[in-house]
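A.B. asks: What would the 3D arrangement of this be:
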Amino acid sequence: MITAAKRGGAAFAPLGSERLTLRRLGPADADAIARLVDDWDIIKNLSDAPYPYPPGLAQRWIASTQRGIDERQDFALGIVPQGHKHPIGAILLRQSQREPGVNGGRARPGSIRSAEIGYWIGRDHWGKGYATESVRRMLRFAFDELGLDRVWGAVLIDNPGSCRVLEKVGFTRLGESEYDFPARGGMRRVHVFAIDRKALAATPPPRIVLVSAVALVDADGRVLLARRPAGKPMAGLWEFPGGKVDEGETPERALIRELREELGIDVSESCLAPFTFASHRYTEFHLLMPLYVCRVWKGTVVPHEGQELAWVEPARLADYPMPPADRPLVAMIRDFL
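C.D. replies: Okay, here's the model as predicted:
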């Protein structure tokens with residue numbers, strides 16, 4: 001279970017999404033950050049980094065980020081995919097930055113609460129949608145938790161990939177301005193993008209997906225977890241068995257069907273005890289997932305869909321990386337059993 005990290009008395013809980021955790025950076029991340037960012041195709045697009053990237057700079061930069069997070073003013077977070085120990089990129093939200101003027105105009109007045117967003121992903125992880133997912137999650141944090149009115153970003157005009165990321169998320173291109181890029185030796189033209197809280201709120205709410213899941217408990221008090229196979233969303237993560245509720249099905253009937261198809265066991269509806277539920281907003285949909293507890297079934301549990309299975313003692317459930325919707329359920333199951 002993810003808990004808030006503390007430093008200097010301040011707490012910051014990592015931001016979770018479908019595949020990623022956006023978390024506070026630490027000294028142990030410095031080598032990974034330095035290795036990834038010391039790449040011309042990365043650093044040429046950053047407005048605050050020299051090239052070549054000097055030894056020790058990552059460590060100093062990470063140390064400098066801590067005060068902004070503690071004061072809930074500026075946030076520089078590592079982008080960590082599920083199953084990874086160290087970040088594969090970084091995302092920044094700077095409330096201290098004033099929005100620049102565009103097309104030769106003056107800088108935007110600071111009468112509204114706004115912040116600049118910036119991000120980069122290591123070359124080996126391009127093309128996987130991590131930047132888009134990170135920006136979407138950071139926007140939710142900016143508007144829902146920080147109460148900002150507006151988020152803006154500046155992207156070099158010869159960086160179409162980052163432009164597409166912001167446009168995909170809902171940013172509007174306002175015009176052009178200039179920024180200093182140390183790696184390129186001076187000022188360069190940038191596109192300026194922005195998105196307002198009202199504009200994001202006006203977008204249609206995400207569709208609701210109903211999924212039914214179960215904690216199967218064996219005679220030794222262990223709980224069954226299934227690992228999502230390669231090729232599926234959130235591959236490699238562990239979850240409680242179950243599946244989507246089809247139109248016209250009840251959650252119980254859907255679960256009985258899924259357990260027969262996925263694990264080859266038969267469960268009667270009377271053996272499914274409603275326990276709790278998860279309600280979690282993912283990027284493209286909102287998941288509503290009732291969780292049942294079951295101790296009685298017919299047949300032998302066998303994986304029928306290529307998934308890996310594990311019978312886990314309740315005290316060790318938190319050791320298995322899970323999708324964000326499943327994580328809050330772990331402590332409740334553990335305490336119940």
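
A.B. asks: Provide a list of residue ranges in the stretch 1-150 of the chain with pLDDT below threshold.
C.D. replies: Within the stretch 1-150 of the chain, the ranges that satisfy pLDDT under 70 run 1-11, 97, 103-111.

A.B. asks: hmm, try it at 50
C.D. replies: Residues of the stretch 1-150 of the chain that meet the criterion pLDDT under 50 lie in 1-9.

A.B. asks: how about the helices of it, start to end?
C.D. replies: Shown for the stretch 1-150 of the chain, the helices assigned by DSSP state H, counting those that start in this stretch span residues 30-37, 40-43, 57-70, 130-140.

A.B. asks: and the shortest one, how far out from the chain's middle?
C.D. replies: Think helix 40-43. Mean-position distance between helix 40-43 and its chain equals 24 Å (CA atoms, centre = their mean, to the nearest Å).

A.B. asks: Run through who's touching that helix.
C.D. replies: Counting by CB atoms under 8 Å, 6 or more residues apart in numbering, the neighbours of helix 40-43 from elsewhere in the structure are 36-37, 49-51, 53, 120, 122-123, 183. Placement of C-beta: from N, CA and C, glycine included.

A.B. asks: And the last one, by the same measure?
C.D. replies: Defining contact as CB under 8 Å, 6+ apart, one finds that helix 130-140 is touched by 15-20, 22, 75, 77, 79, 81, 88-89, 91, 93, 117, 119, 121, 151, 162, 165-166, 168-169, 195, 200, 281, 283.

A.B. asks: With the third one instead?
C.D. replies: Helix 57-70 is contacted from outside by 7-10, 12, 24-27, 29-31, 33-34, 37, 49-50, 74-76, 94, 96, using CB under 8 Å, 6+ apart.

A.B. asks: In PyMOL, how would I select just the buried ones from those residues?
C.D. replies: Here is the PyMOL command that selects the buried residues among the contacts of helix 57-70 (16 or more other CB atoms under 10 Å):
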select buried, resi 12+24+25+26+29+30+33+34+37+49+74+75+76+94
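
A.B. asks: next SSE after the strand or helix carrying residue 212?
C.D. replies: Assigning secondary structure by DSSP states H and E places residue 212 in strand 207-216. Using DSSP H and E, the next helix or strand after strand 207-216 towards the C-terminus is strand 223-227.

A.B. asks: now that next one against strand 207-216, angle please.
C.D. replies: Angular relation of strand 223-227 and strand 207-216 on a 0 to 180 degree scale: 130 degrees, by axes from the mean of the first three to the mean of the last three CA atoms, to 10 degrees.

A.B. asks: From the contact counts, what lies against strand 223-227?
C.D. replies: In terms of contacts (3 or more CB pairs under 8 Å, 6 or more residues apart in numbering; DSSP states H and E), strand 223-227 is packed against strand 207-216, strand 238-239, strand 308-312.

A.B. asks: Adjacent strands (with direction) for the shortest one?
C.D. replies: To tie it back to what came earlier, the one meant is strand 238-239. Using DSSP bridges, the strands paired with strand 238-239 in its sheet are strand 223-227 (antiparallel).

A.B. asks: Return the set of buried residues in the partner strand.
C.D. replies: Buried, per 16+ other CB under 10 Å, within strand 223-227: 223-227.

A.B. asks: mind listing what residue 20 touches?
C.D. replies: Residues near residue 20 by CB under 8 Å, 6+ apart: 79-82, 130, 133-134, 137.

A.B. asks: so how far is residue 244 from it?
C.D. replies: With the distance defined as CB to CB, to the nearest Å, residue 20 ends up 23 Å from residue 244.

A.B. asks: Same question for residue 41.
C.D. replies: Taken as CB to CB, the spacing of residue 41 relative to residue 244 amounts to 40 Å.

A.B. asks: More neighbours: which of those two?
C.D. replies: residue 244 (13 against 8; other CB atoms under 10 Å).

A.B. asks: So residue 274: helix, strand or coil?
C.D. replies: Residue 274 falls in the strand class when you classify it by DSSP: H, G, I helix; E, B strand; the rest coil.

A.B. asks: still on that earlier bit, just send the contacts of helix 40-43 back as CSV, with distance to residue 233 too.
C.D. replies: Output for the contacts of helix 40-43, formatted as CSV (distance: CB to CB, whole Å):
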residue, distance to residue 233
36, 25
37, 28
49, 33
50, 38
51, 36
53, 34
120, 24
122, 21
123, 23
183, 36
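
A.B. asks: just the buried members of these?
C.D. replies: Listed as buried from the contacts of helix 40-43 are 36-37, 49, 51, 53, 120, 122, 183; burial here means 16+ other CB under 10 Å.
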